[in-house]
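Student: Just need the structure, nothing else, for what follows:
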Amino acid sequence: MCPTTREPIFLAPGEGREYPMGRLSAVFKANGDEAASSLCISEWWLEPRTKGTDGHSHPEDDIFYVLEGTVSFLVGNRWVDARRGSFVLVPGGTTHDFENRSSARAGFLNIHCSGTFEQERMPGIAEWFRSNQPDDVDN
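Tutor: Reported below is the predicted structural model:
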C-alpha cells in the first residue's frame with residue numbers, strides 16, 4: 001500500500017460544504033486535496049418539479065447515484081427517469097442535464113471526475129441559481 005498524508009473523512013448526514021440555491025441545493029463532501037485531486041463528491045437535492053442546470057458538457061466523466069425520489073437525466077439526446085438506487089455514468093464530452101419531474105423532493109450523489117470542480121465552478125453555479133431561480137418542469 002502507498003502511504004498517504006491525507007486524513008480520513010467522516011461526515012454525518014447533511015454535513016459538508018453547503019451551497020443553497022433556492023429550489024436546488026448541494027452539499028460537497030470531498031474535493032481537491034481531500035480526494036487526491038481526482039474527483040469531487042457532492043449531494044444534490046431538487047424540490048418538486050424543478051429544472052436543473054440545462055444541457056451542458058465538459059471533458060470529465062460525471063457519475064450520478066439517485067438517493068431519494070426519481071430524477072430525470074438527459075444523457076446525449078435521451079431522457080431517462082432514474083428512481084432511487086439508479087446509477088448513471090455520463091462519459092466526458094456528453095451533453096447531460098437533470099431535473100425533478102415529480103411532486104416529491106429528489107436527490108442524488110454526484111461524483112465528478114475532476115478534483116477541481118467545487119473551487120473552480122461551484123461558486124459561479126451557486127450564484128447563478130440564487131439570482132436566476134430554475135423554471136418549473138413543463139407538464
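
Student: Only C-alpha atoms from now on, for both contacts and neighbour counts.
Tutor: OK.

Student: helix or strand for the most centrally placed residue in the chain, which one?
Tutor: In the chain, the residue lying closest to the centroid (Cα atoms, centre = their mean) is Asn110, at 4.2 Å. Assessed by DSSP states H and E, Asn110 sits inside strand 106-112.

Student: Quick check: neighbours of that strand in the sheet, parallel or antiparallel?
Tutor: Take DSSP bridges as the rule and strand 106-112 pairs in its sheet with strand 40-46 (antiparallel), strand 62-68 (antiparallel).

Student: Quick one: closest of those to Ser102.
Tutor: Using Cα to Cα as the measure, strand 40-46 is the one of the strands paired with strand 106-112 that comes nearest Ser102, at 10.0 Å.

Student: and the helix or strand just after that closest one, average pLDDT?
Tutor: Using DSSP H and E, the helix or strand that follows strand 40-46 towards the C-terminus is strand 50-51. For strand 50-51, mean pLDDT rounds to 92.

Student: what does stretch 17-29 give?
Tutor: Throughout stretch 17-29, pLDDT has a mean value of 91.
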